[in-house]
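A.B. asks: What follows is a predicted structure for the sequence shown.
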Amino acid sequence: MSNSNSLSQKGKAASENPMRIDLEVYFDAMDNIYHTKDNPTGTFPMNVAENQLCWEMLKEKMQGISGKEEIPDWVTSYGDSSGVLSFREAIASYYSDFLMNHTVDPETLALSVGATSVIEMTAFLLADPGDTAVIPAPSYPVYTGDIGVFPSIKRYDLQTHSDIGELKDGIPLQISQLEKAKKEIEASGSRFKMLILTSPDNPTGGIYSKEQQEEVADWCIANHIHLIVNEIYGLSLIDTEDPEVSGDYGKHLKFYSFGNLMNKKKSAYLHHWYSFSKDLGISGFRIGVVHTYNEDFIQAYKNVGLSHGISNHTQWLLQEVLNDKAFMNTYIDSYQKALNQSYKIVRSTLQKLALRYSPSHGSLFVWMDLSEFLQKKTQQGENDLWLKVYEETKILLTPSNGFGHKQKGLYRLVISSFKHDDLRVAMERFSKFVLQQRAEK
């Protein structure tokens, strides 16, 4: 028997609002997934940000560790709720070797069960209910729930551009836009408490330059606003100098980790998010990391983070992987080559079809413009086209609902969900759909 009156107001809202609108269709697609021999007419769920490109390599490594290494006794005991020291040391070393150009202190790290948990905990500890987090649009739809459900923080979608064509030089975030947002938020009775940037970006694949980061960081520090940069795709980088794709970019930006700027400024208002879900393709392991020089924030995290703690066995297994530097070098090199190939397969299809897209500097996505096929330039029109693509091609894109951008007809495609041969099949289906729609016009 169901009775929503038995729930709290937050419970009632949770029962009525799905985490994301595409989940029901996603589970339908996962029950009928494409296989070249066993199910050649099957589906291509390409809406959830998962990386399947090099799992076999990582799986073999983990199975080797589990078969040869003795599980330490500390795995069965309670540990530091913000992550056991040996695992934080392994992550600090990984940061130093692969993400940031300096030595990272493990005492500046705190861990939780996945990126969602880290985002939720950060919002809870840095902002009060009713405060506002500003996020350049378009951006990850589930940020809304991550900062809103438990911390009760509002989301403000900052429009940094009006057309997808403005993204070839990176994300055009300007201080004047932040100043305008601050005035609007304060006029509404709220406080601009957090600015959340994702670099490489979800969904556009854009990155923020070193100069941009410095300018924005200085503004945030001066205004006592917490700047958090999410680098969950920090190693999922596209080779923008590859001759096949290099012509897409205006400025040839290089990825610059925000951790380097944090190390220089040591400000209590600068923070960094990461997770192993995307670069290592292990979203089911649930390992999220926050990096900060704010000692009070780290202490608060330790004091209230017990309910968000990661399994000790998971921490032990991954620290053994990370501590094998030769393996990690090989893995990252193999993964980036595979990701680049995936990007080129999708990009070449869009080029042949003369469809507009945001040139990607990194991430697992292509953000593309299908507005020419909209019956109506409305939210309902976008949803109708999204379902039409799925019904006619069995390719499930991410609908634009929740990304927060005003331009209509943009969709996200996950390029890392399938191996290259299967991805080519999906792109063939997609091409036929586009050509047929144009012919019917």
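C.D. replies: Arrived safely.

A.B. asks: Show the low-confidence segments of the chain, by residue range.
C.D. replies: The chain contains residues with pLDDT under 70 at 1-4, 19-21.

A.B. asks: redo that, cut-off 80
C.D. replies: Along the chain, the model assigns pLDDT under 80 to residues 1-5, 10, 14, 16-23, 441.

A.B. asks: Domain-wise, how is it divided?
C.D. replies: For the chain, the structural domains run 9-56+328-440, 77-324, going by automatic domain parsing.

A.B. asks: Would you mind finding the most buried of these?
C.D. replies: Stretch with highest mean neighbour count among the domains of the chain: domain 77-324 (a mean of 19; mean count of other CB atoms under 10 Å). In this view, the C-beta of every residue, glycine as well, is placed from N, C-alpha and C.

A.B. asks: would you put the C-alpha positions of stretch 204-221 in CSV?
C.D. replies: Taking C-alpha atoms only, stretch 204-221 is exported to CSV below (Å, rounded to 0.1, in the frame of the first residue of the first chain):
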residue,chain,number,x,y,z
THR,A,204,30.6,20.2,-23.9
GLY,A,205,34.1,18.7,-23.5
GLY,A,206,35.4,22.3,-23.0
ILE,A,207,38.2,23.2,-20.6
TYR,A,208,39.1,26.3,-18.6
SER,A,209,42.5,27.9,-19.4
LYS,A,210,45.1,28.6,-16.7
GLU,A,211,44.5,32.3,-17.1
GLN,A,212,40.7,31.9,-16.7
GLN,A,213,41.1,29.8,-13.6
GLU,A,214,43.5,32.4,-12.0
GLU,A,215,41.1,35.3,-12.8
VAL,A,216,38.0,33.4,-11.5
ALA,A,217,39.9,32.2,-8.4
ASP,A,218,41.0,35.7,-7.4
TRP,A,219,37.4,37.0,-7.9
CYS,A,220,36.0,34.2,-5.7
ILE,A,221,38.5,34.7,-3.0
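
A.B. asks: Contacts made by it with the rest, please.
C.D. replies: Applying CB atoms under 8 Å, 6 or more residues apart in numbering, the contact partners of stretch 204-221 are 138, 167, 170-171, 173, 175, 178, 195, 197, 199-201, 225-227, 229, 238, 251, 253, 255-256, 258, 261, 265, 267, 269-270, 358-363, 365-367.

A.B. asks: Now do the helices in the stretch 301-441 of the chain.
C.D. replies: Assigned by DSSP state H, counting those that start in this stretch, the helices in the stretch 301-441 of the chain fall at 312-322, 325-352, 379-393, 420-440.

A.B. asks: what helices or strands is the first one leaning on?
C.D. replies: Which is helix 312-322. In terms of contacts (3 or more CB pairs under 8 Å, 6 or more residues apart in numbering; DSSP states H and E), helix 312-322 is packed against helix 55-68, helix 85-94, helix 325-352.

A.B. asks: could you redo the last one with a cut-off of 6 Å?
C.D. replies: helix 85-94 (3 or more CB pairs under 6 Å, 6 or more residues apart in numbering; DSSP states H and E).

A.B. asks: would you put the C-alpha positions of the helix it packs on in PDB?
C.D. replies: The C-alpha coordinates for helix 85-94 follow below in PDB (Å, rounded to 0.1, in the frame of the first residue of the first chain):
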ATOM      1  CA  LEU A  85      45.900   7.000   5.300                       C
ATOM      2  CA  SER A  86      47.600   4.400   3.000                       C
ATOM      3  CA  PHE A  87      44.900   4.900   0.400                       C
ATOM      4  CA  ARG A  88      45.000   8.700   0.600                       C
ATOM      5  CA  GLU A  89      48.800   8.400   0.200                       C
ATOM      6  CA  ALA A  90      48.300   6.300  -2.900                       C
ATOM      7  CA  ILE A  91      45.800   8.900  -4.300                       C
ATOM      8  CA  ALA A  92      48.200  11.800  -3.500                       C
ATOM      9  CA  SER A  93      50.900  10.000  -5.400                       C
ATOM     10  CA  TYR A  94      48.600   9.400  -8.300                       C
END
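
A.B. asks: Partner strands of the helix or strand following that helix and their direction?
C.D. replies: Per DSSP states H and E, the first helix or strand lying C-terminal to helix 85-94 is strand 109-112. Partner strands and pairing direction for strand 109-112 (DSSP bridges) are strand 288-292 (antiparallel).

A.B. asks: how far does the strand it pairs with sit from the chain's center?
C.D. replies: Centroid separation for strand 288-292 versus its chain: 14 Å, with CA atoms, centre = their mean, to the nearest Å.

A.B. asks: could you check the angle helix 85-94 makes with it?
C.D. replies: Going by axes from the mean of the first three to the mean of the last three CA atoms, to 10 degrees, strand 288-292 is angled at 70 degrees with respect to helix 85-94.

A.B. asks: Touching strand 288-292 from outside, list them.
C.D. replies: With contact meaning CB atoms under 6 Å, 6 or more residues apart in numbering, strand 288-292 is reached by 108-112, 114-115, 117-118, 122, 271-275.
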